[in-house]
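A.B. asks: This is a predicted model, with the sequence first.
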Amino acid sequence: MAILFGFQPFTSSVSMPSAVRVPLLLLCTFLTIVFSFKKKKVFYFLLIGGVAFIAFTYVWLRSSPQSLSDIIYVIVLIIFTFCLYNFLKRAPKLFWFICMFWLLFILFVSVFSIASFVAFNFHLAPYKETIIGPYDYYYNPIFGYIHLKAFETTSWGRSCYFMLEPSYLAFFLTTNYFFIDSFPVNPAMKFASKLIVFAGAMSTVSTGAWVVFGLMFGISIGYWLISRVIRNRKVTNMIILGFIIVLLIGIFSIPKEEMINMLGTSSLSDRESRMGESLLVLAGSDIPHILFGNSPAYMEKVFGHAESDQFFKLIVEEGIFITLIVVAFVIYCTKFNFKYMMAVLIFLNSVVLMWTPLFCVNIVLCRILTEPKKLINYKSM
């Protein structure tokens with residue numbers, strides 16, 4: 001729990017000193033290595049990965065000598081994630097405990113996000129204006145943070161819980177709405193849980209959440225209708241893929257001003273500007289930098305702010321080689337819950353959360369929970 005709250009996207013990562021959270025992450029990583037080291041694939045991963053990490057560190061430091069701490073963080077998080085996966089597979093009781101905690105945590109965050117949205121927008125609780133980084137928030141010690149979103153004629157408070165941005169909370173709740181399908185709970189509890197999480201995601205008033213839910217629900221309905229007419233699964237999948245492409249083209253063809261009027265103020269212009277900076281970096285990069293990247297946190301060091309698209313950030317900073325490996329690992333961990341996988345991949349186009357313990361633990365739990373040949377005898381709650 002301390003690892004989750006010690007790093008982004010939680011606001012506590014700002015106040016918790018590096019002297020506390022970094023050793024904590026190193027300790028947990030060391031423990032996962034110790035308890036999974038007997039596995040041959042862990043040994044080979046550490047052996048081959050160690051050589052690769054040294055090589056990448058050398059290349060990255062040449063591009064950005066001031067990024068050493070960020071490089072170490074990324075490498076440690078990669079090791080932690082891989083070893084955690086192998087460790088939890090060997091510790092079914094611990095894994096079951098973490099799964100139950102995760103489900104309760106999702107519901108807890110959802111309930112407080114809903115309560116915060118209602119309390120602020122209907123003036124039921126006091127909130128104090130405060131600044132975190134470049135953002136202006138309203139804060140209540142019980143309900144967390146609120147960020148205002150302006151529409152054409154009014155404004156609404158967006159729930160952040162204790163996260164740095166409403167989009168981070170929206171990502172966590174929206175993707176986990178689909179992850180709940182993987183939990184071995186009875187249908188009634190699953191339905192009630194998803195209802196609460198959906199309401200929590202809506203309390204963020206996030207454009208990203210609207211887009212993801214709209215796409216996922218549209219795909220589900222379309223697939224159900226088409227499959228009733230066309231019995232061929234491959235043809236149905238091709239039609240759905242074509243529908244997604246046409247829909248995305250339609251969304252991107254809408255004038256930006258009209259989209260802002262419909263959905264309220266958003267960071268769309270800022271995201272486009274940051275994406276342009278990433279494209280400029282890529283356009284000026286040679287083949288080695290395109291393949292191996294410029295180093296973690298390169299965009300922050302050069303431009304003073306990060307890229308908002310996770311995939312662009314990966315390509316610019318870690319290179320195509322690591323990008324392909326990381327995306328393949330995310331798909332590997334989530335492929336048995338297709339809706340969760342799609343929600344994650346779609347939402348990562350607008351939030352940067354991949355290099356966080358919260359994201360890494362989430363996908364590891366998804367992989368173990370949905371593996372066809374489970375090593376754990378689950379009990380229905």
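C.D. replies: Received, thanks. Numbering: from 1, shown residues only.
A.B. asks: ok, Ile331 to Pro141 distance?
C.D. replies: Ile331 sits at a distance of 40 Å from Pro141 (criterion: C-beta to C-beta, to the nearest Å). For every residue, glycine as well, the C-beta is placed using N, CA and C.
A.B. asks: likewise Ile226?
C.D. replies: Taking C-beta to C-beta as the criterion, Ile226 is separated from Pro141 by 50 Å.
A.B. asks: Those two - which one has more neighbours?
C.D. replies: Legend: neighbour count by other C-beta atoms under 10 Å for Ile226 and Pro141, higher for Ile226 (15 against 8).
A.B. asks: give me every residue that touches Glu371.
C.D. replies: Neighbouring residues of Glu371 by C-beta atoms under 8 Å, 6 or more residues apart in numbering: Phe336.
A.B. asks: Tell me how far it lies from Gly304.
C.D. replies: Computed with C-beta to C-beta, the distance linking Glu371 and Gly304 is 43 Å.
A.B. asks: cool, Thr11 as well?
C.D. replies: Distance of Thr11 to Gly304, given as C-beta to C-beta: 21 Å.
A.B. asks: do Leu27 as well
C.D. replies: 32 Å.
A.B. asks: what do you get for Ser278?
C.D. replies: Using C-beta to C-beta, Ser278 is found at 14 Å from Gly304.
A.B. asks: More neighbours: these two, which one.
C.D. replies: Neighbours of Ser278 and Gly304, each counted by other C-beta under 10 Å, are more numerous for Ser278; the result is 21 against 7.
A.B. asks: Now do the strands in the stretch 101-250 of the chain.
C.D. replies: Counting by DSSP state E, counting those that start in this stretch, residue ranges of the strands within the stretch 101-250 of the chain are 128-132, 135-140, 144-150, 155-161.
A.B. asks: of these, which approaches Lys93 most closely?
C.D. replies: The closest approach between Lys93 and any of the strands of the stretch 101-250 of the chain, judged by C-beta to C-beta, belongs to strand 155-161 at 29.4 Å.
A.B. asks: Need the residues that contact the closest one.
C.D. replies: Contacting residues not belonging to strand 155-161 are listed as 11, 109, 112-114, 116-117, 120-121, 137-138, 144-149, 166, 168-169, 200, 203-206, 264 [C-beta under 8 Å, 6+ apart].
A.B. asks: Sheet-wise, list the partners of it with their directions.
C.D. replies: Based on DSSP bridges, the pairing partners of strand 155-161 within the sheet are strand 144-150 (antiparallel).
A.B. asks: what about the strand it pairs with, distance to the chain center?
C.D. replies: Taking C-alpha atoms, centre = their mean, to the nearest Å, one finds the center of strand 144-150 at 20 Å from the center of the full chain.
A.B. asks: now the angle from it to strand 135-140?
C.D. replies: Using axes from the mean of the first three to the mean of the last three C-alpha atoms, to 10 degrees, the inter-axis angle of strand 144-150 relative to strand 135-140 is 130 degrees.
A.B. asks: Name the surrounding residues that touch strand 144-150.
C.D. replies: Contact with strand 144-150 is made by 11, 112-113, 116-117, 120, 127, 130, 132, 135-140, 155-163, 165-166, 205, 264-266, as judged by C-beta under 8 Å, 6+ apart.
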